[in-house]
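Peer 1: Take this sequence and fold it.
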Amino acid sequence: MRIAIVEDNVLHQETLLRYLNAYAAEKKLEVLVDCYQDGIEIVDQFKCNYDVIYLDVEMNIMNGMEAAKRIREHDEEVLIVFVTNYVQWAIEGYSVGAIDFLLKPLTYFHFEEHFKKILNKLVAKVKKAIPVKVGSGIRKVLLDDILYIESEGHYLYFHLKTEQFSILESMKNMETRLKEEHFFRCHNYYLVNLKYVKSIGKNGLTIGSETLQISRPRKKAFMEALTNYLGDGTLA
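Peer 2: Take a look at the predicted model:
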């Protein structure tokens with residue numbers, strides 16, 4: 001687990017770092033913590049590689065709220081926690097998807113209760129998400145949201161439950177990444193989530209509200225994969 005602390009007050013920074021290390025040692029968690037003195041530092045060096053970011057709201061060069069807005073331009077999934085003296089920042093924090101707020105002065109008891117919620121969020125995200133490069137940033141896509149992935153030229157089109165988006169990637173690479181996640185390539189152009197296959201026809205399958213073709217050379221292997229996934233061989 002990789003965590004960033006962005007805090008210009010050395011005492012507060014050290015307190016939060018001490019609490020993180022103490023909790024990690026108690027629960028036998030592996031954590032790597034980076035500390036920054038101002039919002040501009042993390043924004044300039046940001047590489048979409050953090051699970052959690054703790055942001056002091058009030059900092060001299062770039063405050064935590066502005067830093068959070070910049071970070072959200074590149075990473076929609078990282079958990080952002082604001083650390084502040086003033087509870088009124090909470091309303092504005094929702095605009096950048098803050099997961100929680102910690103009020104100063106911070107006590108270990110309150111931190112412990114807070115971090116239990118963070119761990120629950122992280123466990124859910126890590127189990128079912130895949131990071132993909134979108135433009136200049138990284139987007140973590142929940143596997144349960146993916147109906148199927150379509151190949152067209154050099155691009156892959158992700159067909160999700162509520163939206164579609166594209167990335168520059170090969171189908172072969174994506175198939176390799178998802179081979180252990182119950183996705184199967186039923187056609188040169190389609191990689192489908194077996195969970196959402198509703199029915200099988202003579203030459204195609206129904207997934208969501210769409211019908212996708214199953215290529216003849218792949219049909220036998222596809223049916224075997226689907227049967228193994230369903231266990232009893234019946235379609236959901």
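Peer 1: sec struct for the spatially most central residue of the chain, please.
Peer 2: Taking C-alpha atoms, centre = their mean as the criterion, residue 140 is the residue nearest the geometric centre of the chain, at 3.5 Å. The three-state label for residue 140, taken from DSSP: H, G, I helix; E, B strand; the rest coil, comes out as strand.
Peer 1: With adjacent residues omitted, what lies nearest to it?
Peer 2: Excluding its sequence neighbours, the residue lying closest to residue 140 (C-beta to C-beta, 6 or more residues apart in numbering) is residue 77, at 4.0 Å. Every C-beta, even on glycine, is put in place using the N, C-alpha and C of the backbone.
Peer 1: and if you look at residue 110?
Peer 2: For residue 110, ignoring the flanking residues on the chain, the nearest one in space by C-beta to C-beta, 6+ apart is residue 102 at 7.0 Å.
Peer 1: do residue 111 as well
Peer 2: Counting by C-beta to C-beta, 6+ apart, residue 19 is the residue found nearest to residue 111 once chain neighbours are left out, at 4.5 Å.
Peer 1: Let me know the secondary structure of the one you found.
Peer 2: Under three-state DSSP, the three-state class of residue 19 is helix.
Peer 1: That one contacts residue 113, correct?
Peer 2: No - taking C-beta atoms under 8 Å as the definition, residue 19 is not a contact partner of residue 113, at 11.6 Å.
Peer 1: follow-up on the earlier one: any idea how many residues pack against the residue nearest to residue 111?
Peer 2: Applying the criterion other C-beta atoms under 10 Å, we find 19 residues in the vicinity of residue 19.
Peer 1: any idea how far it lies from residue 59?
Peer 2: Computed with C-beta to C-beta, to the nearest Å, the distance linking residue 19 and residue 59 is 20 Å.
Peer 1: List the contacts of the residue nearest to residue 111.
Peer 2: Shown in contact with residue 19 (C-beta atoms under 8 Å, 6 or more residues apart in numbering): 106, 108, 111, 112.
Peer 1: And the first one, how far from residue 217?
Peer 2: If I follow you right, that is residue 106. 60 Å.
Peer 1: who has more neighbours, the two?
Peer 2: Neighbours around residue 106 and residue 217, counted as other C-beta under 10 Å, are more numerous at residue 106. The numbers are 15 against 10.
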